[in-house]
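Colleague: Only the shape, not the letters, is given here:
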């Protein structure tokens, strides 16, 4: 539904504009924008795209390690989020050959 709030982390509603901006900033590697959006809408890091991808999936797909590092600081569990097809951010990075992101995701732990 147009204008409806998007569900972020833990089902918390996030304004659609903030959700869209988060996905775009993650894709483009605009770390300052990601940080600002995270501060204003903390659950925006958990929004899902149409195929179930999170900003972590998008950042990994486009090789945006700095964005992944920010996500790791705010909510490391999102680095292991799965789409309905079971794809993780590591899969997204590997599919596009972003070895720096794959290495970061592979060595990052939840502890």
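Modeller: Structure's in. What do you need? Treat the numbers as computed from the prediction; the structure is a model and nothing was measured. Numbering: from 1, shown residues only.

Colleague: which intervals of the chain have sub-threshold pLDDT?
Modeller: Counting by pLDDT under 70, the chain shows low-confidence ranges at 1-12, 109-111.

Colleague: So which residues of it form strands?
Modeller: 6-7, 13-14 (DSSP state E).

Colleague: name the helices or strands packed onto the last one?
Modeller: Strand 13-14 sits against strand 6-7, with contacts defined as 3 or more Cβ pairs under 8 Å, 6 or more residues apart in numbering; DSSP states H and E. All C-beta spots, glycine's among them, are computed from the backbone N, C-alpha and C.

Colleague: Residue 54: what's it in contact with?
Modeller: 45, 46, 47, 48, 78, 81, 89 (Cβ atoms under 8 Å, 6 or more residues apart in numbering).

Colleague: possible to save these as JSON lines with neighbour count and distance to residue 19?
Modeller: Formatted as JSON lines, these follow (neighbours: other Cβ atoms under 10 Å; distance: Cβ to Cβ, whole Å):
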{"residue": "45", "neighbour count": "24", "distance to residue 19": "10"}
{"residue": "46", "neighbour count": "25", "distance to residue 19": "10"}
{"residue": "47", "neighbour count": "24", "distance to residue 19": "4"}
{"residue": "48", "neighbour count": "18", "distance to residue 19": "9"}
{"residue": "78", "neighbour count": "18", "distance to residue 19": "14"}
{"residue": "81", "neighbour count": "21", "distance to residue 19": "15"}
{"residue": "89", "neighbour count": "28", "distance to residue 19": "17"}
